[in-house]
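Trainee: structure, please.
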Amino acid sequence: MRIDVILESNNAPERVAELGVMAERAGLGGVWVSNMNDARDPFINFVPLAMQTSRIRMGPIAVSPFELHPMKMAGSLLTLNEVAKGRAQIVVGAGGGTVNAMGLKPVRVVRAVRECVEILRVAATGKPVRYQGELFKVGWYNPSWVRSPPPAIYAGANGPQMLKAAPRYADGVMVSDFVVDHVRRARAIVDGTLAEAGRDPATFPMNNFWAWHVKDTREAAEREARIWLTVRGTLYPPYINEVLDPDEAELVNRNIQAFIRAYNAKTDVIEGVPAEIVTKLARGCTSACGLDGLDAEIERLRGFARAGLTEIALRIYDEPEKTIRLLGERVVPALA
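Mentor: Predicted coordinates:
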């Protein structure tokens, strides 16, 4: 299973390049950044890294066609891909924080992602694009300057409709915050569609955005994990039922604002929720442990691979250099 990392979106391009070079030397497969509404441009920010590396892939998670028309998205993606000589990658999603911040209301999201991916794939051939979709149209786009192999175009697919549709047209799918059993069920949907479409499940990539809080001590790891819980998809119904009992999940649901306040204040104290429930949640929906627990987290990653992941994108936080070195020394060899 390929190991990727997700870096902080607000890093300067020089910092992205520094960490990305480390990641390539550590044997990691890809570097991602989340496409945040107030972050640096995720395409431009990768250019120095593209120019300083030769193997590692790079790109944003996730860009919506409602925030950036597929034709303009193609221009940004393919420009990065030319600089990277075919190593760009992207996750196309329907919504997210940027769309919300723009006050947009996505409609027919499964169709929108499909049309966007189709436009990107045609544009990547370097041939003229004329596309008459139900939601998006391209009257004339001729990227004759394209010379590199095409970028990897993933669809962000969490719900059953997207998981069933995306394998027909995307190069791969990325899910977010799925625990092992959830990955297994999602992979079954994906493989069923691949079989219907005549595509080989054995060669179809499936990735998972997963929070990685591995520190010197368990206390430090869980402290960091608790701060970031509000941005974990597993915190919300129905996914929370994957890691908590129904009565515990109900208590968390009643106190969602406490998790949001903790995130905004960057504190690990979640008011109104017993510490043991918060700890159970952190351990269930993230990898949060000390170095003495790393073997158990490596086994969890092996479980993800057995469930059908071919790649996993680990969101890393404080002390990224230390984390990248640890991944290269301990995790990459174990998952090779």
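
Trainee: which other residues reach the helix or strand bottoming out on mean pLDDT in the chain?
Mentor: Of all helical and strand segments in the chain, the minimum by mean pLDDT, DSSP states H and E falls on helix 97-101, at a mean of 85. Outside helix 97-101, the residues within contact range by Cβ atoms under 8 Å, 6 or more residues apart in numbering are 35-38, 64, 66-67, 106. Every C-beta, even on glycine, is put in place using the N, C-alpha and C of the backbone.

Trainee: quick one, which of these are buried?
Mentor: 35-36, 64, 66-67, 106 (16 or more other Cβ atoms under 10 Å).

Trainee: and the residues you listed, which two are the farthest apart?
Mentor: Greatest spatial distance in these: M36 and P106, 17.2 Å, computed using Cβ to Cβ.

Trainee: coming back round to it: any chance of the buried ones among the contacts of helix 97-101 in TSV, plus pLDDT and secondary structure?
Mentor: Below are the buried ones among the contacts of helix 97-101 laid out as TSV (pLDDT from 0 to 100; DSSP: H, G, I helix; E, B strand; the rest coil):
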residue	pLDDT	secondary structure
N35	94	coil
M36	92	coil
S64	96	coil
F66	96	coil
E67	95	coil
P106	89	coil
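
Trainee: return the member of the residues you listed nearest to C116.
Mentor: S64 (8.2 Å).

Trainee: count of residues packed around the closest residue to H182 other than its chain neighbours?
Mentor: Closest residue to H182 apart from its sequence neighbours, by Cβ to Cβ, 6 or more residues apart in numbering: E242 at 5.8 Å. For E242, the tally of surrounding residues (other Cβ atoms under 10 Å) stands at 16.

Trainee: residues touching E242, list them.
Mentor: With contact set as Cβ under 8 Å, 6+ apart, E242 has these partners: 179, 181-182, 234, 284-285.

Trainee: go on, A112?
Mentor: 64-66, 94, 106, 135-136.

Trainee: residues contacting T230?
Mentor: By Cβ under 8 Å, 6+ apart, the neighbours of T230 are 256, 259-260, 262-263.

Trainee: let me see the backbone angles for the most centrally placed residue in the chain.
Mentor: Nearest residue to the geometric centre of the chain (Cα atoms, centre = their mean): F209, 4.0 Å. The phi and psi values for F209, taken as degrees, to the nearest 10, are phi -70, psi 120.

Trainee: same check, this time on E271
Mentor: phi -70, psi 140.

Trainee: now it: how far from K280?
Mentor: 17 Å (Cβ to Cβ, to the nearest Å).

Trainee: of those two, give the one with the bigger neighbour count.
Mentor: Legend: neighbour count by other Cβ under 10 Å for E271 and K280, higher for K280 (15 against 11).

Trainee: surely that one touches I240?
Mentor: No: checked against Cβ atoms under 8 Å, the pair K280 and I240 is beyond contact range at 10.9 Å.

Trainee: let me know the pLDDT of the closest residue to H69 other than its chain neighbours.
Mentor: Using Cβ to Cβ, 6+ apart and skipping residues adjacent in sequence, the residue nearest H69 is F136, 6.9 Å away. pLDDT, F136: 98.

Trainee: L104 too?
Mentor: 87.
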